[in-house]
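> Any chance you can model this:
(one chain, ligands or ions: 1)
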Amino acid sequence: MPSKFKCVRCGREYEPGSVFRCDCGGLLEVVHEPVKWDRHVVDSRLCPMGAPYSSGVWRYKELIHPGLPARLIVTRPEGNTNVYHRSAVSEYVGVGRLTMKHEGENPTGSFKDRGMTVAVSEALRQGAKTVACASTGNTSASMAAYAAQADLKGIVFIPEGEIAYGKLSQALAYGSKVVQVPGSFDDAMRIVQEASKELGLYLLNSINPWRIEGQKTIIFELLHQRGWEPPDWIIVPAGNLGNTSAFGKALAELVELGWIEKVPRIASIQAEGAAPFYKLWKGGGEELESLHPETVATAIKIGNPVSWEKAIRVIRETDGVVEVVSDAEIMEAKAVVDGSGVGCEPASAASVAGARKLAAAGVIKPDEDVVCVLTGNLLKDPDATVGYHTGKLKGIQARRPNAPTRLDTTSMSASLRRLLRE
Ligand code: F0G
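Residues are numbered from 1 along each chain as shown. Predicted coordinates for the structure are as follows:
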């Protein structure tokens, strides 16, 4: 028998419909037919093992940090992020087979948790008391959470006024000391490296190789989810270049293991105003030249990326490409990803914007299998999202705005009807 609505006051039953209050005025609740059900069915739907192996990072421990004693593992657990296909997004990009791996579904809302669980566990192994990082926001949010869990003191250096509020609020809430640096992320990065040396802080930026080990699992888990069938392309937003480096390392190791044969091409996407890696790749030089970064995607507002040397090798070895996208392209791609119900923060949408640009240029073919990595959660940067939809984002002409409207109380239903017709 199908489920019913039942009044909590008089017990009257209804077929579930769009009326949610009983004739007697009582509230309705759903009641189901009693079933005989074996608990093993629900058990079998759970991840087969508890922590740490239920983590989408520690499941691959032997490939990440084999020697780490299990008692030192600090895990939430992280990973187990979903892969989405949305036709609106693939149509927008212009390829048939496009999926998005949503790293914004990690415990603190970004991929950083994958690297942080490994590096914070290692910090314990090293006997560290205080951990530190510079950040455009997500690293600080993640570090603060893992430091709190591990009972470590945390100190983060952020560019003053430059990080999204969702991220700042996380760092504050989790209890790390937050130091605002007058300047850019690159200044904060320089300062944290000096301070770490001078004060003996354990540095948790992606210059710490353990972070890269953890971030390799984005690739391990993605390919695992695909039955070890690699796509043609993996597209990733690029800032400090930790992910680009980690992805290449992961793929090389999987080939070495014999788990995959084909290596996907990696496309690293930078914001036009913060594209030193693009300039390096395009120019074919051997030295990255730093620059002053400017972009609405504050997560990747970086002019002197630390991991460029690893990353350029990855691009060359995977027959990859580096591309740039404008702020307007980033925000429009974000509006499409958001509007598909998936949602992401601005920097994440650079991957989708980049895929679209590469498809339009014929670099990505319409029948190729493409994975875009979404690096952060929609809720990280509410100012950018609301600013876009209300037309208040400086320098951006919103092409898909969805501004809130004020209720006209004098002719409510007429104005609501008008709104729904739009
Ligand atoms: N996307 C998001 C949401 C990020 O937070 C970052 C980096 C990137 C992409 C770039 O990744 O550095 O591996 O190339 N955020 C760092 C931070 C820099 O401090 O949170 P990358």
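> where does this structure have low pLDDT?
Judged by pLDDT under 70, the chain has its weakly predicted residues at 46-49.
> List, one by one, the residues from it near the ligand.
Within the chain, the positions adjacent to the ligand are 110, 112, 135-139, 206, 237-244, 299-300, 345, 347-348, 375-376 by CB under 6 Å from any ligand atom. C-beta coordinates here come from the backbone N, C-alpha and C atoms, glycine included.
> residue ranges for the helices of the stretch 151-300 of the chain, please.
165-173, 185-199, 209-215, 217-225, 242-257, 276-283 (DSSP state H, counting those that start in this stretch).
> Just say which of these is most tucked in.
helix 209-215 (a mean of 25; mean count of other CB atoms under 10 Å).
> Any chance you could list what contacts that helix?
57, 64-65, 111, 114-119, 122, 204-206, 242-243, 245-247, 249, 307, 310 (CB atoms under 8 Å, 6 or more residues apart in numbering).
> Give me the nearest residue to residue 192, chain neighbours excluded.
With CB to CB, 6 or more residues apart in numbering as the criterion, residue 192 has its nearest non-adjacent residue at 4.2 Å, and that residue is residue 134.
> for residue 186, that is, sorry about that
Residue 186 sits nearest to residue 304 (CB to CB, 6+ apart), 4.3 Å away.
> Can you tell me the SS state at that neighbour?
coil (DSSP: H, G, I helix; E, B strand; the rest coil).
> Okay, it and residue 289: tell me how far apart.
Using CB to CB, to the nearest Å, residue 304 is found at 9 Å from residue 289.
> Name the helix or strand for residue 139, please.
Per DSSP states H and E, residue 139 falls inside helix 138-150.
> and that helix with helix 165-173, angle?
30 degrees (axes from the mean of the first three to the mean of the last three CA atoms, to 10 degrees).
> For stretch 311-319, what is the distance to the chain centroid?
Relative to its chain's centre, stretch 311-319 lies at 22 Å (CA atoms, centre = their mean, to the nearest Å).
> Quick one: residues contacting the residue nearest to residue 186.
For residue 304, counting by CB under 8 Å, 6+ apart, the contacting residues are 186, 189, 276, 288, 290-291.
> separation between residue 280 and residue 416?
Counting by CB to CB - residue 280 and residue 416 are separated by 54 Å.
> element containing residue 348, please.
Using DSSP H and E, the element containing residue 348 is helix 346-360.
> Packing partners of the helix or strand following that helix?
Following helix 346-360 in sequence order, the next helix or strand is strand 369-374 (DSSP H and E). The contact analysis (3 or more CB pairs under 8 Å, 6 or more residues apart in numbering; DSSP states H and E) places strand 369-374 against strand 97-102, strand 233-237, helix 346-360.
> tell me the angle the longest one makes with strand 233-237.
Looking back up the chat, that one is helix 346-360. Relative orientation of helix 346-360 and strand 233-237, computed by the same axes, to 10 degrees: 140 degrees.
> Then the first one?
Using the same axes, to 10 degrees, the inter-axis angle of strand 97-102 relative to strand 233-237 is 40 degrees.
> roughly how far is the helix or strand just after strand 97-102 from the heart of the chain?
Beyond strand 97-102 on the C-terminal side, the first helix or strand identified by DSSP H and E is helix 112-125. For helix 112-125, the separation from the chain centroid amounts to 17 Å (computed by CA atoms, centre = their mean).
> again, but for stretch 165-182
The answer for stretch 165-182 is 18 Å, by CA atoms, centre = their mean.
> and residue 155, bridged to which residues?
residue 132, residue 177 (DSSP bridges).
> what residues are up against it?
So residue 155 contacts 130-132, 176-177, 179, 195, 201 (CB under 8 Å, 6+ apart).
> can you check residue 75 too?
51-52, 55, 57-58, 117, 121.
> and those residues as TSV, adding distance to residue 332?
Shown next, in TSV, are the contacts of residue 75 (distance: CB to CB, whole Å):
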residue	distance to residue 332
51	40
52	40
55	35
57	33
58	38
117	34
121	40
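> when you check those residues against the strands, which ones overlap?
Residues of the contacts of residue 75 located in strands (DSSP state E): none.
> From the residues you listed, list the buried ones, please.
Among the contacts of residue 75, those buried by neighbour count (16 or more other CB atoms under 10 Å) are 52, 55, 57-58, 117, 121.
> Most widely separated two among the residues you listed?
55 and 121 (10.9 Å; CB to CB).
> ok, residue 268 touching residue 310?
No. If you go by CB atoms under 8 Å, residue 268 and residue 310 don't touch, sitting 11.7 Å apart.
> More neighbours: which of those two?
residue 268 (30 against 18; other CB atoms under 10 Å).
> Let me see the contact set for the more buried one.
236-238, 241, 244, 277, 311, 315, 320-323.
> do the same with residue 407
Contacts for residue 407 (CB under 8 Å, 6+ apart) come out as residue 415.
> now the nearest residue to residue 122 once chain neighbours are set aside: how far from the ligand?
Leaving out its chain neighbours, the residue that sits closest to residue 122 by CB to CB, 6+ apart is residue 210, at 4.6 Å. As judged by CB to the nearest ligand atom, to the nearest Å, residue 210 and the ligand stand 14 Å apart.
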